[in-house]
Structure formats: C-alpha cells, structure tokens
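Visitor: quick one: sequence and predicted model below, then my questions.
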Amino acid sequence: MIRDVLNVVTSNRGKFKEYKEKLEPYFEEIDMINLEYPEIQAGTLEEVVQYALEQLKEHSPLIIDDSGLFIESLNGFPGIYSAYVMDTIGCDGILSLMEDEKDRSARFQCVIGYLGEEKRLFKGVSEGTITGEKRGSKGFGYDPIFLPENYQRTYAEMKSEEKNRISHRGAAMEEFLDFIKIKDSY
Ligand code: IMP
C-alpha cells in the first residue's frame with residue numbers, strides 16, 4: 001500500500017523527523033509544511049486539533065499533531081500548556097517544580113489530526129517518570145527529562161527509531177496506519 005503525498009503541518013523539525021521515519025514506507029512523498037497553525041485555548045488536545053484542522057483544508061491531505069506532557073503530582077500540568085511552559089521555564093523549570101517530589105509519574109499524550117478523504121483523530125499515550133536531571137541530547141522538548149516505563153534511558157538518549165517504537169507519537173501513528181491500511185483495502 002503506497003499513497004502519494006502526505007503533508008505534515010508543523011514548525012517542529014524533531015516531530016517531522018519522527019513522522020518521516022515511520023511513515024516513509026507508506027507514502028511516495030512526505031513534506032513538512034512549516035506553519036504555526038492557530039491554536040484555540042481549549043480544555044483538551046483533541047479540541048485544539050479539531051479546530052486547527054478546519055483552518056488548514058488547503059494543505060490536505062495532511063496531518064497535524066498536538067502533544068503534551070501531563071505530570072501526576074502537578075495535577076496534569078503542563079498538559080495543554082506544554083508549549084508555553086517549554087518556551088518559558090523549560091525542562092529546568094519543571095525539574096525545579098518537582099524538586100523533592102516523590103511521585104514522579106507522568107504521561108505524554110499525542111493527538112494526530114488527519115484531513116484526507118475524511119477527517120479523523122488518532123491518539124497515543126506513553127507512561128513514564130520525570131528524571132531528577134536532564135539526560136541525553138537527542139530528540140526535542142521534554143525528551144531529556146522523560147524516562148519511559150520499563151526503560152533505563154530517557155527519550156533523549158534514544159535514536160528516534162527506538163523512541164518511535166514506544167512513544168505516544170509512535171502509538172498514534174500506528175492507529176493512523178491501521179486506518180489508512182483498512183481504507184486502502186476496500
Ligand atoms: P506541541 O504539540 O508542538 O504543541 O508541543 C507542546 C510542547 O511539548 C512543545 O514544547 C514540544 O516540544 C513538547 N513535546 C511535544 N511532543 C514531545 C515529545 O515527543 N517529546 C518531548 N517533548 C515533546
């Protein structure tokens with residue numbers, strides 16, 4: 001099953017690299033459309049993605065991705081504010097907020113919005129913990145402080161291929177691939 005073009009609308013090269021690596025075998029061409037799409041102030045990642053898809057029709061077939069880090073002991077913070085928090089206090093700020101905190105559990109969530117022959121959302125989650133210090137230089141965003149469940153290395157200590165196999169984004173991409181495989185088998 002090979003489709004022609006897929007546009008990944010994002011300004012984040014790290015995200016694009018992960019999409020390209022995993023989806024490449026299924027598309028002739030995967031292009032990055034470097035565009036900040038309008039994000040509404042909403043309660044969930046799904047609402048943000050639903051709204052943004054409406055504004056991007058001209059770039060179809062496309063996917064967008066809204067992700068966030070939800071930390072248990074901070075009642076889900078930074079969650080939907082993950083981008084703002086990264087731009088302001090960053091990983092160091094999160095580590096300070098969690099100094100002396102025993103419960104370090106956290107989860108990443110990723111929602112992919114797809115606009116093609118129909119509009120669909122796909123979700124992936126990865127469970128883990130927040131480390132005591134930054135580790136690794138690969139990846140992007142909160143990768144240096146996120147230790148995925150059952151692993152001894154942070155996402156920033158993994159190649160993107162390995163991260164993709166276990167991550168929230170990898171899981172959402174699997175759902176997306178299941179969808180297009182079913183579609184194409186009709
Ligand atoms: P957004 O989905 O681009 O709005 O991402 C929100 C924030 O979370 C940004 O600061 C990203 O860098 C960060 N982020 C999103 N996905 C990941 C990831 O897979 N690993 C680490 N940080 C991420």
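Guide: Arrived safely, thanks for sending. What you see is a predicted model; the values in this text were computed from it and never measured. Numbering: from 1, shown residues only.

Visitor: per-residue pLDDT, the closest residue to Leu97 other than its chain neighbours?
Guide: Closest residue to Leu97 apart from its sequence neighbours, by C-beta to C-beta, 6 or more residues apart in numbering: Leu74 at 6.6 Å. In short, each C-beta sits where N, CA and C put it, glycine included. The model reports Leu74 with a pLDDT of 97.

Visitor: my guess is Leu74 contacts Ser96. True?
Guide: No: using C-beta atoms under 8 Å as the test, Leu74 is too far from Ser96 to be in contact (11.8 Å).

Visitor: show me the contacts for the closest residue to Val85 other than its chain neighbours.
Guide: What sits nearest to Val85 in space, not counting adjacent residues and going by C-beta to C-beta, 6+ apart, is Pro78, at 3.8 Å. Counting by C-beta atoms under 8 Å, 6 or more residues apart in numbering, Pro78 makes contact with 68-71, 84-86, 94.

Visitor: cool, and Lys181?
Guide: Met1.

Visitor: name the element it belongs to?
Guide: In this assignment (DSSP states H and E), Lys181 forms part of helix 168-184.

Visitor: rewinding a little: list the beta-bridge partners for the residue nearest to Val85.
Guide: Phe70 (DSSP bridges).

Visitor: what about it, distance to the ligand?
Guide: To the ligand, Pro78 is 8 Å away according to C-beta to the nearest ligand atom, to the nearest Å.

Visitor: check that residue and give its pLDDT.
Guide: On pLDDT, Pro78 comes in at 97.

Visitor: where's the residue nearest to Tyr51 when sequence neighbours are not counted relative to the ligand, distance?
Guide: Nearest residue to Tyr51, sequence neighbours excluded (C-beta to C-beta, 6+ apart): Ile40, at 4.7 Å. Separation of Ile40 from the ligand (C-beta to the nearest ligand atom) stands at 12 Å.

Visitor: sec struct for Ile40, please.
Guide: Assigned with DSSP: H, G, I helix; E, B strand; the rest coil, Ile40 falls in the coil class.

Visitor: pretty sure it is touching Val48, no?
Guide: Yes: contact criterion C-beta under 8 Å: Ile40 and Val48 qualify, at 6.3 Å.

Visitor: those two: who's more crowded?
Guide: Taking other C-beta atoms under 10 Å, Ile40 and Val48 do not tie; Val48 has more neighbours (22 against 10).

Visitor: which residues does the more buried one contact?
Guide: 39-40, 42, 66, 80, 111.
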